[in-house]
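Participant: need coordinates for the following:
(one chain, ligands or ions: 1)
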Amino acid sequence: MKRPILIHPDPRLKKHCDPVADLSDDLRKLADDMLETMYDAPGIGLAAPQIGILQRLIVLDCVKEEDGPARPLVMFNPKVVASSDEINVYEEGCLSIPDQYAEVTRPKMVQVQWIDQSGNEQSEEFDGLWATCVQHEIDHLDGKLFIDYLKPLKRQMITRKMQKLKRERART
Ligand SMILES: [Zn+2]
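Facilitator: Next up, the predicted model:
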């Protein structure tokens, strides 16, 4: 089932999310809903707070359609355990900040640990777009958005545009 995506500014997007204690069927279903919502958007990543659920859960798939089969990843309690000194600059966007893009600098490679949908611990090193995406999604779990990396003026400009968008959407 598709879920509505919250648009910035929203207090739920600024919250620190709680770790997932036990993997229930409800949580697995929630992860499936998040994947469906992400693919439909379309996007390459989605964090639970973006649909108003304040738990540490993200989904991502950075395989471009023309590049091969999908690789949906579901991560409960994801954690960056190591990151490279080498950095990378990507033009990032966010499903909670539609149609706004800006360059963000992050470590080029990260080692991430998480619990998968079967309850198994996983660890993998991500590079390039995958590394950027997984860091962006984990940031969401700590109430951090990609615009928080921008200069205040640029951030305010984007926030005002989003406020206007939300007013327009509320009217229709
Ligand atoms: Zn985002």
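Participant: can you point me to the longest helix in this structure?
Facilitator: In the chain, taking DSSP state H as the definition, the longest helix is helix 152-171.
Participant: so which residues make contact with it?
Facilitator: Ile7, His8, Pro9, Ile97, Pro98, Gln100, Ala102, Ile147, Asp148, Leu150 (C-beta atoms under 8 Å, 6 or more residues apart in numbering). From N, CA and C alone the C-beta is placed, and that goes for glycine too.
Participant: are any of these buried, and which?
Facilitator: Neighbour counting with 16 or more other C-beta atoms under 10 Å marks Ile7, His8, Ile97, Gln100, Ala102, Ile147, Leu150 as buried within these.
Participant: make CSV from those residues and add pLDDT to it.
Facilitator: CSV is the format used below for those (pLDDT from 0 to 100):
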residue, pLDDT
Ile7, 97
His8, 98
Ile97, 98
Gln100, 97
Ala102, 97
Ile147, 98
Leu150, 98
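Participant: what's the closest of these to Glu36?
Facilitator: Among the buried ones among the contacts of helix 152-171, Ile7 lies closest to Glu36 (C-beta to C-beta), at 18.9 Å.
Participant: who's in contact with that closest one?
Facilitator: Ser96, Ile97, Pro98, Met162, Leu165, Lys166, Arg169.
Participant: mind putting the contacts of helix 152-171 in JSON lines, distance to Val110 and secondary structure included?
Facilitator: Formatted as JSON lines, the contacts of helix 152-171 follow (distance: C-beta to C-beta, whole Å; DSSP: H, G, I helix; E, B strand; the rest coil):
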{"residue": "Ile7", "distance to Val110": "27", "secondary structure": "coil"}
{"residue": "His8", "distance to Val110": "24", "secondary structure": "coil"}
{"residue": "Pro9", "distance to Val110": "28", "secondary structure": "coil"}
{"residue": "Ile97", "distance to Val110": "22", "secondary structure": "strand"}
{"residue": "Pro98", "distance to Val110": "26", "secondary structure": "strand"}
{"residue": "Gln100", "distance to Val110": "24", "secondary structure": "strand"}
{"residue": "Ala102", "distance to Val110": "20", "secondary structure": "strand"}
{"residue": "Ile147", "distance to Val110": "21", "secondary structure": "helix"}
{"residue": "Asp148", "distance to Val110": "18", "secondary structure": "helix"}
{"residue": "Leu150", "distance to Val110": "21", "secondary structure": "coil"}
